[in-house]
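Asker: the following comprises the amino acid sequence and a computationally predicted model.
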Amino acid sequence: MANTRDFPAVGDEDEAQRLRFLTETPPPEVLMVSDLHLGIGRDRATGRFVRAENFLADEQFAALLGFYLEAAQRGALLVLNGDSFDFLRITGVPRRRDELEAWSEALAGLGVDLSPEQLAASISTTERQFGLRTNDFKSVWKLHRVVEGHEGFFAALAGWVAAGGVLLFVKGNHDLEIHWPLVRRAIRAELVRRGVAAHSAGRGIRFCDTWVRIANIYIEHGHRFEPATAVDGPATLPQEPEQLNLPLASFVNRYLINPIERIEPFIDNTKPVEDLLRTMVRQHPLRAFGILWRSWRLLLRAAQSRQWRQGLACALFFGSLAVPLFTVLVIALVLALPVVGARIFALLGNASWVFGAAGLVFPYLAGFLRDAFPPRLPAVGEDDFAFGIYGALKERAAEPVTGTRYGVVGHTHVQDAQSLPPIGGAPALYLNTGTWVPLWQADRPDLAGRTLHPFVRFTMGASGAYGHEYREWDWSAGRPALSTILEPGAAGARRRRDRR
């Protein structure tokens, strides 16, 4: 990492002022992407990607920014709308002396004095199994791992800012570590190391913790509209201010998803994730049982400190995974060791058959209940995210806006565009910028395993209002192409008719 003592630190007030300046002087053009989920990336020596990497498109991203480089020269804004980096996916820890020395040196360049010995002593046993915690200096190490594996991505960002473009990072639930001033300083330092002038890194790179409105565009990542990923309370833990306040889903990723992805690397790309988790239990029962056994205590501890609804939902879901798995293991044990079966029958009598049947039927019963009682659609929009964005737009209805009121999120990984009821006589539109990682959507078999590169381009008109184009980067053609977005499937359409 670069030594950043040649430009001053940027405080919270400076960050807020720069964000405010962006809203007061809207750029002529805005490009927006989300949910890139950069992880450890490509090994420099072998060229291989690590098994759990999701972002495989450094070259495509660089080509996209290169295509719009003239817009950057005119001061265009590039918005990375959350989950740009996947800190939750970084599970390794520095172990060798040279790794610790490199970490210590990088921190020294950022003004933090920690020796290799101090850094080694700060790593707990649990961290060695599941990855570092969320301290600012540990988050810098994770960021450094991302940078090492995605040189093309950071070179493209540097080229954008060096050309005169503005870069805005919006915080998501997988990169909550952007909260730390030290991490923001490290990001700026990486772009300085790639040729961005120090004053441009301070002025041209900005950060947003929650939401921002630029003219008629309202922007946020969208994780607060999902209870399991919403941060409940302040950004840091009151009792441990050096640690981030993580939502329950982050612990599920840390203790459950990450170990499973070493077996099924794209499990978090399947929507809904629950379907592949159940497949994992059926295909790898012993491994799944081992993962559940190692992680359930940590997950229970995390759930207990969150809202009771989230904890109950987590317990019910993992119970639905564990019950049939436990039943199968008991049956196997009975068949292998008849004496165990005799004791079970002696203890439970005829009820043992009932328990055995219930355990095997439980997944089908759960599926029947899901089909019989589907979730009801909200009063506005086709999902909770459109409904949440509509509420955010209505809260700001008194703010003077020209043209269509846009509400833009990411988070769901599903490209979408929904017309919402007018607000103050102006049309309202919900946009979801999708993701750049491979997809396995249950209702889109045509996308199975495909990687799309969607983005939204906003261009300011003569009236001072933005209009939008929803596009995907076509790598083979070397230019943007019209994006294909389908409406929800038959079940969703039926619920909409019932509601009306």
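Answerer: It's in. Numbering: from 1, shown residues only.

Asker: only C-alpha atoms from now on, for both contacts and neighbour counts.
Answerer: OK.

Asker: could you list the domains of the chain?
Answerer: Following automatic domain parsing, the chain resolves into domains at 1-92+131-246+378-500, 248-372.

Asker: what count of nearby residues applies to the residue nearest to residue 208 when sequence neighbours are not counted?
Answerer: Once flanking residues are discounted, residue 208 sits nearest to residue 170: 4.7 Å by CA to CA, 6 or more residues apart in numbering. Using other CA atoms under 10 Å, residue 170 has 26 other residues around it.

Asker: from residue 254, how far off is residue 170?
Answerer: Distance, residue 170 to residue 254, using CA to CA, to the nearest Å: 22 Å.

Asker: now do residue 471 against residue 383, distance only.
Answerer: Going from residue 471 to residue 383 by CA to CA gives 22 Å.

Asker: give me the residues contacting stretch 53-71.
Answerer: If you take CA atoms under 8 Å, 6 or more residues apart in numbering as the criterion, stretch 53-71 is touched by 29, 36-41, 150-153, 155-157, 160, 163, 165, 265-266, 436-438, 473, 475, 478-480.

Asker: which ones among those map onto strands?
Answerer: 29, 473, 479, 480 (DSSP state E).

Asker: and the second one, what is it in contact with?
Answerer: It stands for residue 473. Under the criterion of CA under 8 Å, 6+ apart, the neighbours of residue 473 are 60, 64, 452, 453, 454, 455, 479, 480, 481.

Asker: buried subset of those residues as a ChimeraX selection?
Answerer: Selection command for ChimeraX covering only the buried members of those, criterion 16 or more other CA atoms under 10 Å:
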select :60,64,452,453,454,455,480
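
Asker: residue 38 pairs with what?
Answerer: Beta bridges link residue 38 to residue 85 when assigned by DSSP bridges.

Asker: from residue 15, how far off is it?
Answerer: When residue 38 is compared with residue 15 (using CA to CA), they lie 24 Å apart.

Asker: so which of these two has more stuff around it?
Answerer: For residue 38 versus residue 15, the count of surrounding residues by other CA under 10 Å is larger for residue 38: 30 against 18.

Asker: could you verify my assumption that the more buried one touches residue 84?
Answerer: Yes. Counting by CA atoms under 8 Å, residue 38 touches residue 84, with 6.2 Å between them.

Asker: among the domains of the chain, which gets the worst mean confidence?
Answerer: Least confident of those, judged by mean pLDDT, is domain 248-372 with a mean of 63.

Asker: am I right that residue 417 is in a helix?
Answerer: No. In this structure, residue 417 is strand, not part of a helix, as judged by DSSP: H, G, I helix; E, B strand; the rest coil.

Asker: what is the burial count for the closest residue to it other than its chain neighbours?
Answerer: The spatially closest residue to residue 417, leaving aside those adjacent along the chain, is residue 431, at 4.6 Å (CA to CA, 6+ apart). Counted with other CA under 10 Å, the neighbours of residue 431 add up to 22.

Asker: residue 431 looks like it's in a strand, true?
Answerer: Yes. Under three-state DSSP, residue 431 falls within a strand.

Asker: for it, which residues make a bridge with it?
Answerer: residue 408, residue 417.

Asker: show the contacting residues for the closest residue to residue 419 other than its chain neighbours.
Answerer: Sequence neighbours aside, residue 429 is the residue nearest to residue 419 in space, at 4.8 Å (criterion: CA to CA, 6+ apart). Counting by CA under 8 Å, 6+ apart, residue 429 makes contact with 404, 405, 406, 407, 417, 418, 419, 420.

Asker: now do the contacts for residue 148.
Answerer: Taking CA under 8 Å, 6+ apart, we find residue 148 in contact with 40, 41, 42, 44.

Asker: and the helices in the stretch 401-500 of the chain?
Answerer: Here the stretch 401-500 of the chain has its helices, by DSSP state H, counting those that start in this stretch, at 490-499.

Asker: again with the stretch 51-200 of the chain
Answerer: Listed from the start of the chain, the stretch 51-200 of the chain has helices (DSSP H, counting those that start in this stretch) covering 58-67, 69-73, 97-109, 116-121, 125-130, 136-149, 151-162, 181-193, 198-204.

Asker: what about the fourth one, average pLDDT?
Answerer: Taken as a whole, helix 116-121 has a mean pLDDT of 97.

Asker: do the same with the third one
Answerer: For helix 97-109, the mean per-residue pLDDT is 96.
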